[in-house]
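A.B. asks: Sequence first, predicted model second:
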There are 2 protein chains.
Amino acid sequence: MPADAFDPHDHQDCIAEGLEAAEHHCAEAGLQFTPIRRRVLEILLGDHMALGAYDILDRLRSDGLNAQPPMAYRALDFLVTHGFAHRIERLNAFIACSHTRGDHTPAFLICRTCQRVVEADTDPDAGELGRAAKQAGFVIERTVREAEGLCPKCADAA
Amino acid sequence: MPADAFDPHDHQDCIAEGLEAAEHHCAEAGLQFTPIRRRVLEILLGDHMALGAYDILDRLRSDGLNAQPPMAYRALDFLVTHGFAHRIERLNAFIACSHTRGDHTPAFLICRTCQRVVEADTDPDAGELGRAAKQAGFVIERTVREAEGLCPKCADAA
DNA sequence: ATCTAAATGATACACTGTAACACCGCAAGC
DNA sequence: GCTTGCGGTGTTACAGTGTATCATTTAGAT
């Protein structure tokens, strides 16, 4: 289990595995894993921090591309739609998915000191949102669950 | 309990009570509940939908003010900081708080059809986020919990 | 009365995201 | 082969959201 991007780990594996999983899933599903989409996912997999669309754009440009905003947003839309990446609403930023593919309902832990973000999988109808929805008779279609605070390392340092 | 803004209710009461509660709390706490702040809260209390900062700005302008963006954002910052309003991250918008004052950890149910938003109070360390944080050793300072879907009325209609 | 801190007024700008259109490449079908 | 359609890319221009900065006013404290 990738319980923890807060823990040390061999990060090259994250990148390689993430890319391969996406490639495999696209092949299965008949999706086009184009060079741009692949490159954007690779950038996102590059660290466990959320990146803004314009950060992505800058990196594409340092690859030598004359990239404009729609290029980044299109690739990000693709990745988010198909579950290869997630949007962090609180940060207006994006992060590579660190779990197995398929529909899932992520929750995020955002460290305000080291900026790292960890993804955890959840049950959409559980938790406080599920409870509130049940009480109100509300039908949940999508959830946003994000916590800001301190990761173990940064909490110790403080 | 205001379990449900989805239910019919006398809305003038919402506005009057909300304003009075804020006024009272500001007096207690030595906060300045200035005309602009009061007016912005009144606008937010005007319905159970989230309003963007520029929606607020437009309404201030139709009051005859030559309002610029910082005016709306400052008032909203004040209201959010002191718990009279909340920011809905998913919508880049704001809504009046519908619960008693003091620190609390809201969750929101957002109807994608009628656009109404209901606030529920939660325990910051409970739910799926609390579970994930506990497992990772993460210290939660703030949470974002928002569900999009269908309110009872809109679900029936569909 | 004067001083100080907070709030407001105003300009300008930065960041985030999208509409619209032209173009390209490839696969499906005639 | 040809062409037709569709998804992806290249590009321009703009819309929406949020802030830094500085001047000015107001409200309270001494």
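C.D. replies: Received the coordinates, thanks.

A.B. asks: Between the two ends of stretch A:111-126, how far is it?
C.D. replies: 24 Å (C-alpha to C-alpha, to the nearest Å).

A.B. asks: actually stretch A:62-73, sorry about that
C.D. replies: This stretch, stretch A:62-73, spans 17 Å end to end (C-alpha to C-alpha).

A.B. asks: List the contacts of whichever residue of chain A sits closest to DNA strand C.
C.D. replies: Nearest to DNA strand C in chain A, going by C-beta to the nearest atom of the strand, is A:P69, at a distance of 3.5 Å. Placement of C-beta: from N, CA and C, glycine included. Going by C-beta atoms under 8 Å, 6 or more residues apart in numbering or on different chains, A:P69 touches A:53-54, A:57.

A.B. asks: Give me the nearest residue to A:E23, chain neighbours excluded.
C.D. replies: The spatially closest residue to A:E23, leaving aside those adjacent along the chain, is A:F33, at 5.5 Å (C-beta to C-beta, 6 or more residues apart in numbering or on different chains).

A.B. asks: sorry, back to before: return the member of the contacts of A:P69 nearest to chain B.
C.D. replies: Nearest to chain B among these: A:A53, at 14.8 Å, using C-beta to the nearest C-beta.

A.B. asks: got a list of what A:A96 touches?
C.D. replies: By C-beta under 8 Å, 6+ apart, the contact list for A:A96 reads A:18, A:41, A:44-45, A:79, A:84-85.

A.B. asks: Go again with 6 Å.
C.D. replies: For A:A96, the contact set (C-beta atoms under 6 Å, 6 or more residues apart in numbering or on different chains) comprises A:18, A:44-45, A:85.

A.B. asks: The residue nearest to it when sequence neighbours are not counted: which element?
C.D. replies: Leaving aside its sequence neighbours, A:A96 sits nearest to A:L44 (C-beta to C-beta, 6+ apart; 3.9 Å). Per DSSP states H and E: A:L44 is located in helix A:35-45.

A.B. asks: right, is that helix up against DNA strand C?
C.D. replies: No: Helix A:35-45 is not in contact with DNA strand C by C-beta under 7 Å from any atom of the strand; minimum separation 12.1 Å.

A.B. asks: Do any residues in that helix lie close to DNA strand D?
C.D. replies: Yes: for helix A:35-45, a contact with DNA strand D is found by C-beta under 7 Å from any atom of the strand, at A:35-37.

A.B. asks: Next, the buried residues of that helix.
C.D. replies: A:36-45 (16 or more other C-beta atoms under 10 Å in any protein chain shown).

A.B. asks: ok, so of those, who is nearest DNA strand D?
C.D. replies: Using C-beta to the nearest atom of the strand, the buried residues of helix A:35-45 come closest to DNA strand D at A:I36, 4.0 Å.
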